[in-house]
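J.: Model the following, please.
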Amino acid sequence: MVSVYPDRFGIRWFTKAWFNNSESGEAAIEIERQIAVNFIRDLTDKDEWLEEYYPTQMEAYHNAINQTREQLLKQSV
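T.: Here you go, the predicted model:
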């Protein structure tokens with residue numbers, strides 16, 4: 001899950017992501033207002049967003065998917 005939100009004055013904007021149902025999620029990252037608005041309007045792909053702001057976590061996610069795929073392929077042979 002990923003979200004964007006402003007500070008209480010609407011001046012600074014942040015993005016935050018949660019991987020593997022983590023309660024606390026990843027550290028929030030400050031972003032530009034227009035980038036946040038584009039995300040809210042669905043003008044930005046969620047996966048591209050996560051790759052941009054949370055590359056380490058997305059690498060682990062892709063590795064896990066690839067490992068699962070390999071295990072399933074081995075089981076079906």
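J.: Every contact and neighbour count from this point should use C-alpha atoms.
T.: Noted.
J.: sec struct for the residue nearest the centre of the chain, please.
T.: Centroid-nearest residue in the chain, with CA atoms, centre = their mean: residue 50, separated by 3.2 Å. Three-state call for residue 50 (DSSP: H, G, I helix; E, B strand; the rest coil): helix.
J.: which ones are touching it?
T.: 2, 17, 58 (CA atoms under 8 Å, 6 or more residues apart in numbering).
J.: ok, the closest residue to the second one other than its chain neighbours - contacts?
T.: Leaving aside its chain neighbours, residue 17 sits nearest to residue 2 (4.2 Å; criterion: CA to CA, 6 or more residues apart in numbering). Applying CA under 8 Å, 6+ apart, one finds that residue 2 lies in contact with 15-18, 46, 50.
J.: Whichever of those residues count as buried, I'd like them selected in PyMOL; how would that read?
T.: Only the buried entries of the contacts of residue 2 go into this PyMOL selection, using 16 or more other CA atoms under 10 Å:
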select buried, resi 15+16+17+50
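J.: Reformat the contacts of residue 2 into TSV and put secondary structure, distance to residue 65 and pLDDT next to each item.
T.: As requested, the contacts of residue 2 are exported to TSV (DSSP: H, G, I helix; E, B strand; the rest coil; distance: CA to CA, whole Å; pLDDT from 0 to 100):
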residue	secondary structure	distance to residue 65	pLDDT
15	strand	24	97
16	strand	22	97
17	strand	18	96
18	coil	17	95
46	helix	17	93
50	helix	16	96
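J.: how about the helices in this structure?
T.: 33-40, 46-53, 55-76 (DSSP state H).
J.: Would you indicate which residues of stretch 37-56 are buried?
T.: Here stretch 37-56 shows 39, 50, 53-54 as buried, counting by 16+ other CA under 10 Å.
J.: Stretch 5-23 too?
T.: Quick answer for stretch 5-23 (16+ other CA under 10 Å): 5, 13-17.
J.: closest to residue 34 among the residues you listed?
T.: The closest of the buried residues of stretch 5-23 to residue 34 turns out to be residue 13 (CA to CA; 9.2 Å).
J.: Next, work out how far apart the residue nearest to residue 17 and residue 33 are.
T.: Per CA to CA, to the nearest Å, residue 2 is found 16 Å from residue 33.
J.: Cool, thanks, signing off.
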